[in-house]
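**Q** Sequence below, structure please.
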Amino acid sequence: MQCARCAGMNVPEVIVEGGAKLFVMRCVHCGDVINHVILMNRRGQRSVRPGRPRTSTYGRHRSTWNRSAVLIEES
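**A** Residues are numbered from 1 along each chain as shown. Next up is the predicted model:
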């Protein structure tokens, strides 16, 4: 199997973490780790729900900051 990141070779690996065993594929070249949960999350499409508008990154308060700033004029 080829790595999606670098086209290197993936090998099966077992990672033991906190008493749990994770069966993953690890790239021997770049170290990218992929398991079934990562693959499912990458396949999921992130879309806006219909009928719900997207909110802007910055709120309305950002546009009023410059109005209240005090400008210091150089003499």
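**Q** Do you have the helices of the chain handy? List them.
**A** 36-43, 65-68 (DSSP state H).
**Q** neighbours around Gln2, how many?
**A** 10 (other C-beta atoms under 10 Å). Glycine gets a C-beta too; all of them are placed from N, C-alpha and C.
**Q** Test of understanding: give the bridge partners of it.
**A** For Gln2, the beta-bridge partners are Met9 (DSSP bridges).
**Q** hang on, isn't it packed against Asn10?
**A** Yes - if you go by C-beta atoms under 8 Å, Gln2 and Asn10 touch, sitting 6.8 Å apart.
**Q** Low-confidence stretches in this protein?
**A** 45-75 (pLDDT under 70).
**Q** Please, where are all the strands along it?
**A** With DSSP state E applied, the chain shows strands at 10-17, 20-27, 33-34, listed in chain order.
**Q** And the last one, what does it pack against?
**A** So the one you mean is strand 33-34. strand 10-17, strand 20-27 (3 or more C-beta pairs under 8 Å, 6 or more residues apart in numbering; DSSP states H and E).
**Q** about what we covered before: now the strands of the chain in TSV, please, with extra columns for distance to Gly44.
**A** Listed next are the strands of the chain as TSV, based on distance: least, C-beta to C-beta, whole Å:
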stretch	distance to Gly44
strand 10-17	21
strand 20-27	19
strand 33-34	15
